[in-house]
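> below is the sequence, then the predicted model.
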Amino acid sequence: MQHISLIVALHYAVKQGDRDSVKTLLDSLTAEQQLKLLSTMDKDGKTAVQQRAPADQRKEIEKMLKQYERAADFEINYGKLTIFPH
């Protein structure tokens with residue numbers, strides 16, 4: 001189970017438009033933990049991507065969160081594939 005303070009910290013950083021804090025939080029987690037954290041809803045039923053960052057940071061924050069989500073998903077689903085020589 002994820003620690004509630006991580007969820008609160010990530011959502012707060014997004015709402016503040018604090019890209020460095022968002023990056024630091026997500027970089028400290030495994031791909032599985034990143035996906036779980038990014039998909040966890042707050043008490044209002046919103047995920048980190050659905051939070052409203054300040055207008056001047058909104059697109060960048062949303063883009064960054066989606067990149068983390070895609071990269072974590074890829075790592076989990078495809079990163080462990082072994083390609084065998086023919």
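Happy to help now that I have it.

> which element is the residue most central in space within the chain on?
By C-alpha atoms, centre = their mean, the chain has its centre lying nearest to L38, at 4.1 Å. Assigned by DSSP states H and E, L38 belongs to helix 31-39.

> just the C-alphas of that helix, formatted as CSV.
Coordinates of each C-alpha in helix 31-39 appear next as CSV, following Å, rounded to 0.1, in the frame of the first residue of the first chain:
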residue,chain,number,x,y,z
ALA,A,31,8.3,1.8,-12.4
GLU,A,32,5.6,-0.2,-10.5
GLN,A,33,5.5,2.4,-7.7
GLN,A,34,5.3,5.3,-10.3
LEU,A,35,2.3,3.7,-12.1
LYS,A,36,0.6,3.1,-8.8
LEU,A,37,1.2,6.6,-7.5
LEU,A,38,0.2,8.2,-10.8
SER,A,39,-3.1,6.3,-10.9
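
> what's the next secondary structure element after it?
That would be, after helix 31-39 and using DSSP H and E, helix 58-77.

> L35 is in contact with I76, correct?
Yes. Using C-beta atoms under 8 Å, I76 is in contact with L35, at 6.7 Å. C-beta coordinates here come from the backbone N, C-alpha and C atoms, glycine included.

> compare those two (neighbour count), which wins?
L35 (18 against 14; other C-beta atoms under 10 Å).

> that one against F74, yeah?
No. In this structure, L35 is not within contact of F74 by C-beta under 8 Å, at 10.6 Å.

> mutual contacts of the two, please.
Overlap between the contact sets of L35 and F74, as judged by C-beta atoms under 8 Å, 6 or more residues apart in numbering, is nil.
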